[in-house]
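Novice: Dropping the sequence and predicted coords here.
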Amino acid sequence: MLDRNRARRSRVARALTAAGAVATLAAAQLVAPSPASAAVSRAELALRWAPIHYQDVDATGTHSLGGRSDYIAEVDFDGDLNGRNNWDRTGQAGTSLASHAYYSVVETSTHWYLTYLFFHPRDWTDHPFFETEHENDGEGVLLTVERDGTTYGVLRGAVTVAHSDFYSYTPAGSTWTSGRETVDGILQFQASPHDLFQHPVTAQEAQGHGLKAYPQYTINGDGLVYYPSTVAETPSDGNDRDVRYRLIDIFATDGLWAQRSNASLFAGLGTFAGDTSGDCGSGTWSCSTNSANAPWGWDDGNDLPARGELASDPAKLSAEYFTVPAGLARTYTYNPYAGAAAELAAAARTAPPVVD
């Protein structure tokens with residue numbers, strides 16, 4: 001009996017050890033951050049801080065395509081870089097609305113600046129009067145992360161893009177406070193089921209896709225909850241509350257920044273090309289052309305930073321929007337946008353405003 005009990009305890013111990021090993025492995029598979037002694041890559045940094053993203057969905061009206069017009073997608077979701085056929089191809093069979101978002105990372109000695117772009121092929125409405133539609137829609141958020149000596153730093157502030165207005169937020173306990181602009185609210189965090197991190201939470205409205213910190217926009221009825229990942233999932237329907245999205249580097253070879261002079265995709269610097277083909281504008285007030293922006297075209301015309309500086313000179317924008325007790329370095333150690341700073345500035349002075 002004593003030997004049988006000893007054998008039983010040995011089997012239990014082995015089972016518990018194996019279970020612990022499986023649990024440890026499962027946790028490790030959720031996320032594989034760089035070791036503390038290694039410098040984090042920009043892709044890892046972008047993935048760590050990428051938002052958990054709430055997307056309200058409206059399935060009413062023919063232009064909603066049953067809710068698909070509110071899905072986030074790649075710019076070339078239809079297999080080409082022609083911005084003028086995206087409205088029509090959103091509803092065509094065979095086109096993929098797998099979930100993607102774009103990011104860029106800009107650095108100074110004191111901060112990382114992470115810009116995220118959420119793209120929709122349609123900005124649409126189901127109202128017959130006083131509202132316009134347009135092909136393509138690009139809105140997003142700037143997150144400023146202090147380099148405090150830890151692997152991923154600490155998130156201090158956020159500025160979101162909702163049409164032609166910017167909104168600023170700070171996490172609870174942030175040392176940052178209002179600057180020239182008043183802080184608009186608290187940036188909340190939420191745990192992801194797909195990694196071991198707390199992520200900031202953002203949200204977009206249906207139809208026009210203005211973006212704010214959650215819950216200033218939230219899901220009203222049907223909606224999607226997107227989680228940052230290294231894979232891209234397509235929503236099962238318009239009310240899927242666990243959809244993983246994959247990040248794409250704006251500065252990648254042949255990425256959005258490399259395509260900035262592609263006349264098929266961009267009508268001007270930072271302005272997506274879009275026309276009035278298909279049923280855009282039918283049953284509504286109108287369909288406008290060339291009415292969506294990439295990050296280097298984002299602008300709040302009432303505020304001091306110039307068009308595109310949310311992405312191209314985020315240290316300047318952060319210093320305007322927030323009071324930063326420890327200060328901000330203004331010299332960039334990595335900023336691919338800066339090589340075209342003169343081009344961006346000239347375009348901002350001469351280009352007419354683009355209202356999203």
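Specialist: Structure's in. What do you need? Just so you know, these numbers come straight off a predicted model, no measurement behind them. Numbering: from 1, shown residues only.
Novice: Poorly predicted segments of this structure, please.
Specialist: 1-38, 130, 339-355 (pLDDT under 70).
Novice: which residue is nearest the centroid of it?
Specialist: Tyr116 (3.4 Å; CA atoms, centre = their mean).
Novice: Was I right to think it contacts Leu143?
Specialist: Yes. Applying CB atoms under 8 Å, one finds Tyr116 in contact with Leu143, separated by 7.4 Å. Using the backbone N, CA and C atoms, a C-beta is placed for each residue, glycine as well.
Novice: Common neighbours of these two, please.
Specialist: Common contact partners of Tyr116 and Leu143 (CB atoms under 8 Å, 6 or more residues apart in numbering): Pro51.
Novice: quick one on the thing from earlier: for whichever strand or helix holds the residue nearest to the centre of the chain, packing partners?
Specialist: Using DSSP states H and E, Tyr116 sits within strand 111-123. Applying 3 or more CB pairs under 8 Å, 6 or more residues apart in numbering; DSSP states H and E, one finds that strand 111-123 makes contact with helix 42-49, helix 86-89, strand 100-108, strand 132-146, helix 314-321.
Novice: buried stuff in it?
Specialist: Across strand 111-123, burial judged by 16 or more other CB atoms under 10 Å covers 111-123.
Novice: now those as CSV including distance to Ser264?
Specialist: As requested, those are exported to CSV (distance: CB to CB, whole Å):
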residue, distance to Ser264
His111, 35
Trp112, 32
Tyr113, 29
Leu114, 28
Thr115, 23
Tyr116, 24
Leu117, 19
Phe118, 22
Phe119, 16
His120, 19
Pro121, 15
Arg122, 18
Asp123, 19
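Novice: quick revisit: need the helices and strands packed on strand 111-123 in a markdown table (columns: distance to Ala162 and mean neighbour count).
Specialist: Listed next are the helices and strands packed on strand 111-123 as a markdown table, based on distance: least, CB to CB, whole Å; neighbours: other CB atoms under 10 Å:
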| stretch | distance to Ala162 | mean neighbour count |
| --- | --- | --- |
| helix 42-49 | 20 | 20 |
| helix 86-89 | 21 | 23 |
| strand 100-108 | 16 | 22 |
| strand 132-146 | 7 | 25 |
| helix 314-321 | 15 | 22 |
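Novice: Looking at the ones you listed, spot the one closest to Ala294.
Specialist: Nearest of the helices and strands packed on strand 111-123 to Ala294, taken as CB to CB: strand 132-146 at 5.7 Å.
Novice: Give me the distance from that closest one to the chain's centre.
Specialist: Centroid separation for strand 132-146 versus its chain: 7 Å, with CA atoms, centre = their mean, to the nearest Å.
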